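[1] Predicted model follows, preceded by the sequence.
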Amino acid sequence: MVFDYKQVIITRQDLKLSKGKLAAQVAHASVLCSNIARGSHKEWYNKWIQEGQKKVVLKVSNKEEMIKYYMISKQAGIPSCMITDAGHTEIPSGTLTVAGIGPAPEDAIDKITGDLELL
């Protein structure tokens with residue numbers, strides 16, 4: 001199947017989160033960015049839903065790198081979010097854990113995150 005829309009979640013490798021904690025953070029970003037897109041880019045959101053909600057999880061080395069990709073995507077007008085942890089389990093409150101980008105046209109996201117590796 002060909003996908004025209006996707007969502008990307010960028011994860012920080014320096015935090016060394018457990019698999020469960022990381023999965024929860026990725027889920028938070030996916031839901032929040034989906035809601036942002038539904039409000040700001042309803043056509044993108046609807047097409048992404050119809051296509052099956054393609055998601056790709058990528059990795060960066062640290063917070064600064066994650067923020068860089070987040071800012072580029074925001075400046076490009078792509079629905080984006082960053083997740084800040086509440087601090088109840090593994091990491092301190094206020095820690096930025098993951099960034100969500102999209103759903104948006106796949107080619108627009110790839111221009112920004114195409115050089116990142118899969119998690």
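    Okay, I see it.

[2] where along this protein do the strands fall?
    Per DSSP state E, the chain carries strands over the ranges 5-12, 55-60, 80-84, 96-105, 117-118.

[3] With mean neighbour count, mean pLDDT and distance to Arg38 added, can I get the ones you listed in TSV?
    Yep, even glycine has a C-beta here, placed from its N, CA and C like the rest. Shown next, in TSV, are the strands of the chain (neighbours: other C-beta atoms under 10 Å; pLDDT from 0 to 100; distance: least, C-beta to C-beta, whole Å):
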stretch	mean neighbour count	mean pLDDT	distance to Arg38
strand 5-12	25	98	12
strand 55-60	19	98	15
strand 80-84	21	98	13
strand 96-105	26	98	9
strand 117-118	8	98	26
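
[4] can those strands go into JSON lines with extra columns for distance to Ile36?
    Formatted as JSON lines, the strands of the chain follow (distance: least, C-beta to C-beta, whole Å):
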{"stretch": "strand 5-12", "distance to Ile36": "11"}
{"stretch": "strand 55-60", "distance to Ile36": "15"}
{"stretch": "strand 80-84", "distance to Ile36": "6"}
{"stretch": "strand 96-105", "distance to Ile36": "8"}
{"stretch": "strand 117-118", "distance to Ile36": "24"}
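
[5] Tell me which of the ones you listed sits nearest to Cys33.
    strand 96-105 (3.5 Å; C-beta to C-beta).

[6] what angle sits between the closest one and strand 5-12?
    Put simply, strand 96-105 runs at 160 degrees to strand 5-12, going by axes from the mean of the first three to the mean of the last three C-alpha atoms, to 10 degrees.

[7] Neighbouring strands - and their directions - for strand 96-105?
    Neighbouring strands of strand 96-105 in its sheet, by DSSP bridges, are strand 5-12 (antiparallel), strand 80-84 (antiparallel).

[8] Same list (those strands) but as a markdown table, adding distance to Ile91.
    Shown next, in a markdown table, are those (distance: least, C-beta to C-beta, whole Å):
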| stretch | distance to Ile91 |
| --- | --- |
| strand 5-12 | 10 |
| strand 80-84 | 10 |
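
[9] nearest to Gln50, of those?
    strand 5-12 (8.7 Å).
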